[in-house]
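Trainee: next input, structure requested:
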Amino acid sequence: TVGGFAADFHVITQAGSSFSVTPSVSGGSWFAHGLRSDGTVYAWGYGWYLGSGAGGSPVPVPVALSAISGVTQLSPGSGGAHALALRADGTLWGWGENSFGQLGDGTNATRGTPVRIGGLAGLVRVARAQGHSLGLKGDGTVWSWGYNNLGQLGDGTNVNRNVPAQVAGLSNAVAIAGGGSSSFVLRSDGTVWGMGQNLGTTPAQVGGFASITALAAGEHHALGLKSDGTVWAWGLNSHGQLGDGTATNRWSPVQVSGLAGVVAIAAGREFSLALKADGTVWSWGYNIVGQLGDGTTVERLVPVQVVGITGVSALSAGEANGYALKPDGSLWAWGANSYGAVGINVVGPNPQLLPTQVLGPGGTGFLDLGVADPANFAPQTDVPLSSLRTSNAIAVTGIASGAAISIAGGEYSLGCTASFTASPGTIDPGNTVCVRLAAAASCSTTTTATLTIAGFPARSFSVTTGAAYCDTTPDAFAFVAQGAVALGAAATSNAVAIG
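Mentor: Below you'll find the model as predicted:
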């Protein structure tokens, strides 16, 4: 807690593990990173920026970064060809592009694998932008390093820095965001301060609003989430990324049209995302490669719902991609896929216009980033009709040996083996248990199983079928435009799959 403001970082204990963090995802310039609950980082997309040593080759499915472990936080920020990570031991690590010193390791050498960044202790947050980085310490001070052409480091100069330096005049900071050539800081009093493009070389208050609880920044625009669940935006608006129904640039915050009940925000290069409390995702702005996830390439001046995905718990925006994480650890992506940033083992010009589940390492199964709450069964949403679904494992503690166990609406497995039963039985402390049940045969329908153990709070596992499985509307597809074609020449389009 800083200045009475509580940050939302959690370290939790999971069944079978002594270390766990809240899973998250961070999109970048044609790549993405996923943080699993055990502190493992997965990466996919453009190889130079992944931290895996892959070079310039696209990596279209997630790979685990073997050079770093015990990570507690990844740097958010849609832009930038570099990444930062905080470890549980308090150290800061970075990799990727470093031409302007944005890694902060005292050099300008690009790093293909993670390197430790010295000189900073007590960090609780990191953020990246196009060519610079930000750090927030537990004492409420803000630190910056990297590219400084427009004063985005906030040090009163335009001099690049390859080591972190404190931003003078800022205290009681609780959140940070970097976008393009700008930096934004949220203070504990709910005010927002910025430096860089159109703001100056030292921190200046962004006027026109207060009671802000979260920030997000795109390349040339920014978003603020107010405590009442509304979203406010400012900056360039050429593609409607401010969501106010116009394409007019705004240098003071304006309210995003028609949005309420928002709990999280993210900003891409020229588009924006919002997560509502009901688990739906909304998008607006530029959409040339499907980054809005609405099944089209039509830009939107006001928010529209991302199609075919519900029950979302966290989100991120890459330069031209959207990412949505569910409580069960599954990750969904959409948008540009020229370098494999969607994570579906495909590299090519065809964008992914609708959310699709990110595959697992090697293209086998699906990526599992772990559950956000290991003490409960995570709900599963958008599942196929009549499919048999198995929950995450939970550890049962604080009960007597031989405690009675029973289930209504499904089956359970002690030790989470392949053997399930619906019959009452007994369970000992320290045992793990999983639940299995069949999804409904109709769309948008929830089924629930409730597990009861003597001396242990009842736990429910719910499964909701997807609306898309009853959608008879033809899937959207796109042919890619071709330029510089010779006069009179016959041109052949790319192939599209019709499902």
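Trainee: name the helix or strand for the closest residue to Ser75 other than its chain neighbours, please.
Mentor: Excluding its sequence neighbours, the residue lying closest to Ser75 (CB to CB, 6 or more residues apart in numbering) is Leu84, at 3.8 Å. Using the backbone N, CA and C atoms, a C-beta is placed for each residue, glycine as well. Assigning secondary structure by DSSP states H and E places Leu84 in strand 82-87.
Trainee: what residues does that strand touch?
Mentor: Residues external to strand 82-87 that are found in contact with it (CB atoms under 8 Å, 6 or more residues apart in numbering): 26, 28, 33, 39, 41, 49, 51, 68-75, 92-98, 102-103, 114, 117, 123-124, 126-128, 133.
Trainee: adjacent strands (with direction) for it?
Mentor: Strand pairing for strand 82-87, determined by DSSP bridges: strand 71-74 (antiparallel), strand 92-96 (antiparallel).
Trainee: using PDB, write out every CA atom in the last one.
Mentor: Extracted C-alpha coordinates of strand 92-96, given in PDB (Å, rounded to 0.1, in the frame of the first residue of the first chain):
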ATOM      1  CA  LEU A  92      14.800  -6.600 -12.500                       C
ATOM      2  CA  TRP A  93      15.600  -8.400 -15.800                       C
ATOM      3  CA  GLY A  94      15.300  -7.300 -19.400                       C
ATOM      4  CA  TRP A  95      15.800  -8.500 -23.000                       C
ATOM      5  CA  GLY A  96      15.200  -7.400 -26.600                       C
END
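Trainee: tell me the helix or strand right after it.
Mentor: Taking DSSP H and E as the definition, the helix or strand that follows strand 92-96 towards the C-terminus is strand 111-117.
Trainee: picking up where we left off before, quick check: mean pLDDT of the strand holding Leu84?
Mentor: Confidence for strand 82-87, expressed as mean pLDDT, is 97.
Trainee: cool, stretch 122-135 as well?
Mentor: The predicted model assigns stretch 122-135 a mean pLDDT of 96.
Trainee: look up how far Asn148 lies from the closest residue to Asn98 other than its chain neighbours.
Mentor: With CB to CB, 6+ apart as the measure, Thr110 is the residue that lies nearest to Asn98, at 5.0 Å, once sequence neighbours are left out. Thr110 sits 19 Å away from Asn148, taking CB to CB, to the nearest Å as the criterion.
Trainee: which one's more surrounded, those two?
Mentor: Neighbours per residue (other CB atoms under 10 Å) separate Thr110 from Asn148, with Asn148 holding more: 24 against 15.
Trainee: so what's the more buried one closest to, chain neighbours aside?
Mentor: Computed as CB to CB, 6+ apart, the closest residue to Asn148 that is not its neighbour in sequence is Asn160, at 5.1 Å.
Trainee: next, count neighbours for the one you found.
Mentor: Applying the criterion other CB under 10 Å, we find 18 residues in the vicinity of Asn160.
Trainee: ok, it - contacts?
Mentor: Phe100, Gly101, Gly146, Tyr147, Asn148, Asn149 are the contacts of Asn160 under CB under 8 Å, 6+ apart.
Trainee: determine which two of those are furthest apart.
Mentor: Greatest spacing in these, by CB to CB: Gly101 and Asn149 (12.5 Å).
Trainee: give me the more crowded residue out of those two.
Mentor: Neighbour count, other CB under 10 Å: between Gly101 and Asn149, Gly101 has more, with 23 against 15.
Trainee: pretty sure the more buried one contacts Thr110?
Mentor: No: with contact defined as CB atoms under 8 Å, Gly101 and Thr110 do not form a contacting pair (11.2 Å).
Trainee: out of the contacts of Asn160, which is nearest to Ala247?
Mentor: The closest of those to Ala247 turns out to be Asn149 (CB to CB; 26.3 Å).
Trainee: now the lengthiest strand in the chain - C-alpha only, PDB.
Mentor: Taking residue count as the measure and DSSP state E as the definition, the longest strand of the chain comes out as strand 456-465. Written as PDB, here are the backbone C-alpha positions of strand 456-465 (Å, rounded to 0.1, in the frame of the first residue of the first chain):
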ATOM      1  CA  PHE A 456     -14.100 -27.700   4.500                       C
ATOM      2  CA  PRO A 457     -16.100 -24.900   2.700                       C
ATOM      3  CA  ALA A 458     -18.100 -26.200  -0.200                       C
ATOM      4  CA  ARG A 459     -16.600 -25.600  -3.700                       C
ATOM      5  CA  SER A 460     -18.500 -25.300  -7.000                       C
ATOM      6  CA  PHE A 461     -17.200 -25.900 -10.500                       C
ATOM      7  CA  SER A 462     -19.200 -24.200 -13.300                       C
ATOM      8  CA  VAL A 463     -19.000 -24.700 -17.100                       C
ATOM      9  CA  THR A 464     -20.700 -22.400 -19.600                       C
ATOM     10  CA  THR A 465     -21.100 -23.400 -23.300                       C
END
